[in-house]
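K.L.:
Return a 3D structure for these sequence lines:
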Amino acid sequence: MNKSEIIFLEGPHSRWKELFFVFTIMKEFIKGFRELHFVGPCITIFGSARFRDGHPYYEFTRKAAAEFAKLGFTILTGGGPGLMEAANRGAKDVYGRSVGCNIQLPREQETNSYLDKWVYIRHFFVRKVLLVKYSFAFVVMPGGYGTLDEFFESLTLIQTKTIHNFPIIIFGKAYHQELLKHIEQMEKDGTISVSDTQLFLITDDIKQAVDWIKERSIKQYKLHPERKIEPFKWLFENH
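P.N.:
Alright, predicted model coming up:
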């Protein structure tokens, strides 16, 4: 958490400080919108920064991202190391588009070297909006608090029909087994509905995930991932 967020969460401040913070956030959103407007339909991949090159999860993420990029989607991540790097690297392996939405952290968040484009965001909540806004599917790799936060936020947005019912794919059955048991327990206790347990696919099969995205994203929303929005030069926009 950066200094401005800490100050914001301390409680009420003067009206001028609160107004200044609102304009700061608005500026950050505009910056993100301008930078990411032309990246094309994305698949956002969430995952830990701590699994580095050579780890089985890294290699799997790289391979999966390559297959998704072959569909024409831009691979969007948090732009950092670990499985984010693996996903961006997988896109580059097959000459796909690779984009990052980076944030300042005390550790583990240097920008990886496999990005065609990246935007630096200061606030977590702005970053999460951007990661969701441009995506037509969400892929959850093994990770920690941040990964689960992003997973459940996306899931909640779909559950509450705040966004469309885009596919969510969880890779790593063994890694996520206790989480899945807890989700089953929530369904048994009635805190979620049976239909809510069908909002995501849990698999270790990349082909099954690709087929699910084809059906639940490309076909359902009549996407043409290869089509790109052209910038307006008079607005100083660029790809």
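
K.L.:
which is the next helix or strand following the helix or strand of the chain with the lowest mean pLDDT?
P.N.:
Using mean pLDDT, DSSP states H and E, helix 3-8 stands out as the lowest-scoring helix or strand of the chain, at a mean of 61. For helix 3-8, the following helix or strand on the C-terminal side (DSSP states H and E) is helix 15-36.

K.L.:
who does the following helix or strand past that next one pair up with?
P.N.:
Using DSSP H and E, the next helix or strand after helix 15-36 towards the C-terminus is strand 42-46. Strand 42-46 has its sheet partners listed here by DSSP bridges as strand 74-77 (parallel), strand 135-140 (parallel).

K.L.:
Check the offset of the first one from the chain's centre.
P.N.:
Read it as strand 74-77. Taking C-alpha atoms, centre = their mean, to the nearest Å, one finds strand 74-77 lying 7 Å from the centre of the chain it belongs to.

K.L.:
Ok, the last one next?
P.N.:
With C-alpha atoms, centre = their mean as the basis, the distance from the averaged C-alpha position of strand 135-140 to the chain average is 6 Å.

K.L.:
Pull out the buried positions in it.
P.N.:
Ser135, Phe136, Ala137, Phe138, Val139, Val140 (16 or more other C-beta atoms under 10 Å). For every residue, glycine as well, the C-beta is placed using N, CA and C.

K.L.:
Distance from the helix or strand following it to the middle of the chain?
P.N.:
With elements assigned by DSSP H and E, the helix or strand that comes after strand 135-140 is helix 145-159. Mean-position distance between helix 145-159 and its chain equals 10 Å (C-alpha atoms, centre = their mean).

K.L.:
And helix 145-159, what does it pack against?
P.N.:
With contacts defined as 3 or more C-beta pairs under 8 Å, 6 or more residues apart in numbering; DSSP states H and E, helix 145-159 has these neighbours: strand 42-46, helix 124-133, strand 135-140, strand 168-171.

K.L.:
List the contacts of the third one.
P.N.:
So that's strand 135-140. 41-47, 64, 68, 73, 76, 87, 132, 147, 150-151, 154, 166-171, 200, 209, 213, 216-217, 221, 223 (C-beta atoms under 8 Å, 6 or more residues apart in numbering).

K.L.:
and the angle for that strand with helix 124-133?
P.N.:
If you take axes from the mean of the first three to the mean of the last three C-alpha atoms, to 10 degrees, strand 135-140 sits at 110 degrees to helix 124-133.

K.L.:
got the CA coordinates for strand 135-140 in CSV?
P.N.:
The C-alpha trace of strand 135-140 is given here as CSV (Å, rounded to 0.1, in the frame of the first residue of the first chain):
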residue,chain,number,x,y,z
SER,A,135,-11.1,-8.8,-20.1
PHE,A,136,-13.4,-11.4,-21.6
ALA,A,137,-12.0,-14.2,-19.5
PHE,A,138,-10.2,-14.6,-16.2
VAL,A,139,-7.6,-17.3,-15.5
VAL,A,140,-6.6,-18.0,-11.9
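
K.L.:
Local confidence estimate at Phe236?
P.N.:
Phe236 carries a pLDDT value of 59.

K.L.:
Also Phe151?
P.N.:
With respect to pLDDT, Phe151 scores 97.

K.L.:
doesn't Phe46 make contact with it?
P.N.:
Yes. Applying C-beta atoms under 8 Å, one finds Phe151 in contact with Phe46, separated by 6.2 Å.

K.L.:
out of those two, which sits in the busier spot?
P.N.:
Of the pair Phe151 and Phe46, Phe46 is the one with more neighbours under other C-beta atoms under 10 Å, namely 26 against 21.

K.L.:
give me every residue that touches that one.
P.N.:
Counting by C-beta under 8 Å, 6+ apart, Phe46 has contacts Thr77, Gly78, Phe138, Val139, Val140, Met141, Gly143, Gly146, Thr147, Glu150, Phe151.
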